[in-house]
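1. My questions concern the predicted model and sequence given below.
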Amino acid sequence: MSQQQPNPQTYTTGYTTGGATTDTATIDANARTVHYKCGDCDQDVPLKRGEPIRCRNCGHRVLYKQRTNRMVQFEAR
């Protein structure tokens, strides 16, 4: 009995990136949250992948992605 059963925490998808095709990519269901700001009430809205894009406080559907805290450096010529 060496059959592997699928893990309910992960799933695989096929997607295309820049002309190269990736057959499967394992995506963790416990992926990190991305924080957005509601356009109506300015509430901080943490969303995970697959959640509906809607403010939990007022129901507004316009959310703005917050700027990253990481340093971003560009090379100018």
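-> Perfect, I can see it now.
2. pLDDT (mean, whole number) over stretch 66-76?
-> For stretch 66-76, mean pLDDT is 89.
3. ends of it, how far apart?
-> 25 Å (CA to CA, to the nearest Å).
4. So the closest residue to residue 48 other than its chain neighbours versus residue 67, what's the distance?
-> Spatial nearest neighbour of residue 48, chain neighbours left out: residue 33 (5.3 Å); criterion: CB to CB, 6 or more residues apart in numbering. All C-beta spots, glycine's among them, are computed from the backbone N, C-alpha and C. According to CB to CB, to the nearest Å, residue 33 stands 16 Å off from residue 67.
5. the more surrounded of these two?
-> residue 33 (12 against 7; other CB atoms under 10 Å).
6. what's that one in contact with, if anything?
-> 46, 47, 48 (CB atoms under 8 Å, 6 or more residues apart in numbering).
7. The same query, at a cut-off of 10 Å, please.
-> Applying CB atoms under 10 Å, 6 or more residues apart in numbering to residue 33 gives the contacts 45, 46, 47, 48, 49, 51.
8. Quick check on the third one: phi, psi?
-> Backbone torsions for residue 47, taken as degrees, to the nearest 10, come to phi -130, psi 140.
9. how many neighbours does it have?
-> With other CB under 10 Å as criterion, residue 47 counts 16.
10. Would you mind stating the distance between it and residue 33?
-> Residue 47 sits at a distance of 6 Å from residue 33 (criterion: CB to CB).
11. Repeat that for the last one.
-> When CB to CB is the yardstick, residue 51 and residue 33 sit 9 Å from each other.
12. Now list whatever residues contact both of those two.
-> residue 45.
13. Name the helix or strand for the closest residue in space to residue 40 that isn't next to it in sequence, please.
-> In space, and not counting its chain neighbours, residue 40 is closest to residue 60: 3.8 Å by CB to CB, 6+ apart. Under DSSP states H and E, no helix or strand contains residue 60.
14. Residue 60: what's it in contact with?
-> 38, 39, 40, 41, 43, 45, 54.
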